[in-house]
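>>> Fold the stuff below for me.
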Amino acid sequence: MGVNSSKKLAAKCSFLSKDEQIIVSQSFRLASKNSEKIKEDELTKLWGTQMDARLSQYINNYLFGIGEARVMTVDLERFAELFVFCTRGTVDEKLKVLLISLGKGESDNANVPYLLVKEYVESIVSSYMKIQKVSNTKQFKSWHSKGCFTSPQNVQRFAESLIHELATGELITRRALEMWLQGATELGQLLIFVFKHLYNISHREKGTPSDRAGAGVVGLEAEAPIIDAERDRSLVPICRGLDLIPSYPSLLDLNQIVFINAHLPQQYQLEWRFLFSSEIHGESFSTLIGRIVNQGPSVLILDDMNGCIFGGFAPSNWALGPNFFGDTSSFLFTLAPKMRVFESTGYNQHFQYLNLYQQTMPNGLAMGGQHGYCGLWLDEEYGKGHTSESCTTYKEYTQMSQTKEFQFRHLEVWGLGQPPPTPQERGERVPGMSVLDGNPENKALLKMAGRTIYSEGLQEPPREGN
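Prediction:
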């Protein structure tokens, strides 16, 4: 099959956009070696090394069938259908792919075992992580070069979090699968990335021109890809701020980073800036405050002494004061022993609290709940905190640490996006005010250190009428 004929066939697939016709036709030509059919072994050879072996088998099940219904080759229309269903398909289309991949008939009303669905989702998560490594995108390299890897245990935890709404250990009805797929936003994002990568391999094939000619794909490199995994929006953010740290001992792996990032508002998914780590900056609450105030939205992650890993997304700038602040995009999360996200209920506005050096108010950092019963509380006595049994600020909240009162061994904070300008950078200055009057955080830190603030006694009293 020549270049033009494959394009003409793709054009007959009415469900393909013009951009998709180019993607699918070129991918089909490579997999079929310029013929009119793709053989199973040839597709496995092309795609198999790019993904989890289980997903490779599921794809073959969908394209070539199972058992007596199995066929030796597949045509372009079926090949194109898989791409469309997995990248922008309806719930019914994605359910069709799932059922046939698992060996169930499209119209089969039989219930599906939970473990089969879990393994299917695991294969997608595992393939997503493998493709990140194979593609070696700048986002992936920014973390991997600092010692951030992926663990099989967290692949399983991530997959389990994506299907936690389904009844564990039970047979899942078709209706339950439809409802689950309707809200499976994060799974959908992983599917898009995986299949856009697979169908674009033709544009990243390595080897000499003679190698490509031997495979019957001369001219494949002539057209630029419409969709490229390097440029397509990834759930892996760019890691910033670790340039001077050769090997950063982060407690996160790539699965955990993607899990958190997938739940952030989209404008904060592109870049994480390193702000604080107890491993690097020491165990000091005042140091923590000094590194997170005026840094914009942030993510906090803790590792307690019992192996529980949890934290929260703070959408507002951290600032010292006696009141709660923040907005409804805030959430808490756990990463171990399970991955879960607890989003805002809208019941109250108790999202963020930070105070220090006060005699009449609690001193520490809080997210959610109320004083003494916070969803997450970090005491001014560094290393101590609590998580309550319940929290009205966040939906479906469960106690994140093993015991209500806990001690933690590691704390990390990451800023999201660019930090907001400081009052000085904005050129703001109120007449008659000391520099420290505009920086209550710095004033509190000086008091904690026992330093006298001489400028307070030197300010002129305000003039009448001002």
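>>> So in the protein, which strand runs the longest?
The residue-count maximum for a strand in the chain (DSSP state E) belongs to strand 405-416.
>>> Tell me the strands beside that one, with direction?
Here strand 405-416 has these sheet partners by DSSP bridges: strand 271-277 (antiparallel), strand 298-304 (antiparallel), strand 384-386 (antiparallel).
>>> can you pull the buried residues of the next helix or strand after the first one?
Downstream of strand 271-277, the next assigned helix or strand under DSSP states H and E is helix 278-281. Taking 16 or more other C-beta atoms under 10 Å as the neighbour-count basis, helix 278-281 is seen to contain the buried residues 278-279. Where C-beta positions appear, they are placed from N, C-alpha and C, glycine not excepted.
>>> taking the mean pLDDT, what do you get for the helix or strand that comes right after helix 278-281?
Using DSSP H and E, the next helix or strand after helix 278-281 towards the C-terminus is helix 285-292. Mean pLDDT, helix 285-292: 95.
>>> ditto for stretch 243-256
82.
>>> Over to stretch 67-75?
Rounded mean pLDDT across stretch 67-75 is 91.
>>> Could you write out the alpha-carbon coordinates of stretch 12-19 in CSV?
C-alpha atoms of stretch 12-19 as CSV (Å, rounded to 0.1, in the frame of the first residue of the first chain):
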residue,chain,number,x,y,z
LYS,A,12,-12.9,7.1,4.1
CYS,A,13,-13.0,6.6,7.8
SER,A,14,-15.6,9.3,8.4
PHE,A,15,-14.9,9.4,12.2
LEU,A,16,-11.3,10.6,11.7
SER,A,17,-10.5,14.3,11.6
LYS,A,18,-8.1,15.5,8.9
ASP,A,19,-5.2,15.6,11.4
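>>> Quick check: buried residues in it?
For stretch 12-19, by 16+ other C-beta under 10 Å, it's 13, 16.
>>> ok, back up a step: for the strands paired with strand 405-416, which one sits closest to Gln182?
strand 298-304 (27.8 Å; C-beta to C-beta).
>>> Could I get the buried residue list for the longest strand of the chain?
Those buried within strand 405-416 under the rule 16+ other C-beta under 10 Å are 406, 408, 410-416.
>>> what's next to that strand, contact-wise?
250-252, 264, 268, 271-279, 288, 291-292, 295-306, 308, 378, 383-387 (C-beta atoms under 8 Å, 6 or more residues apart in numbering).
>>> mind redoing it with 7 Å?
Residues outside strand 405-416 that contact it (C-beta atoms under 7 Å, 6 or more residues apart in numbering) are 250-251, 264, 268, 272-279, 292, 295-305, 383-386.
>>> what's the answer for stretch 155-163, then?
By C-beta under 7 Å, 6+ apart, stretch 155-163 touches 117-118, 121-122, 125-126, 129, 180, 184, 186-187, 255, 259, 338-340.
>>> so how far is that stretch from its chain's centroid?
13 Å (C-alpha atoms, centre = their mean, to the nearest Å).
>>> Show me what the mean pLDDT comes to for that stretch.
97.
>>> Next: stretch 339-356.
Mean predicted confidence for stretch 339-356 is 96.
>>> buried residues in that stretch?
Here stretch 339-356 shows 339-344, 350-356 as buried, counting by 16+ other C-beta under 10 Å.
>>> Reformat these into JSON lines and put secondary structure next to each item.
As requested, the buried residues of stretch 339-356 are arranged in JSON lines below (DSSP: H, G, I helix; E, B strand; the rest coil):
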{"residue": "Met339", "secondary structure": "coil"}
{"residue": "Arg340", "secondary structure": "strand"}
{"residue": "Val341", "secondary structure": "strand"}
{"residue": "Phe342", "secondary structure": "strand"}
{"residue": "Glu343", "secondary structure": "strand"}
{"residue": "Ser344", "secondary structure": "strand"}
{"residue": "His350", "secondary structure": "coil"}
{"residue": "Phe351", "secondary structure": "coil"}
{"residue": "Gln352", "secondary structure": "strand"}
{"residue": "Tyr353", "secondary structure": "strand"}
{"residue": "Leu354", "secondary structure": "strand"}
{"residue": "Asn355", "secondary structure": "strand"}
{"residue": "Leu356", "secondary structure": "coil"}
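>>> Reformat the residues you listed as TSV; add distance to Phe195.
Output for these, formatted as TSV (distance: C-beta to C-beta, whole Å):
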residue	distance to Phe195
Met339	23
Arg340	27
Val341	25
Phe342	31
Glu343	28
Ser344	33
His350	42
Phe351	37
Gln352	39
Tyr353	44
Leu354	43
Asn355	49
Leu356	50
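>>> Closest one of these to Glu396?
Using C-beta to C-beta, those come closest to Glu396 at Phe342, 6.1 Å.
>>> if we can go back for a sec, PyMOL command to pick out the buried ones of the contacts of stretch 155-163?
To isolate the buried members of the contacts of stretch 155-163 in PyMOL, using 16+ other C-beta under 10 Å:
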select buried, resi 117+118+121+122+125+126+129+180+184+186+187+255+259+339+340
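>>> Which pair in the contacts of stretch 155-163 has the greatest spatial separation?
Met129 and Trp180 (21.9 Å).
>>> Excluding chain neighbours, what is closest to Thr185?
Computed as C-beta to C-beta, 6 or more residues apart in numbering, the closest residue to Thr185 that is not its neighbour in sequence is Ala262, at 7.9 Å.
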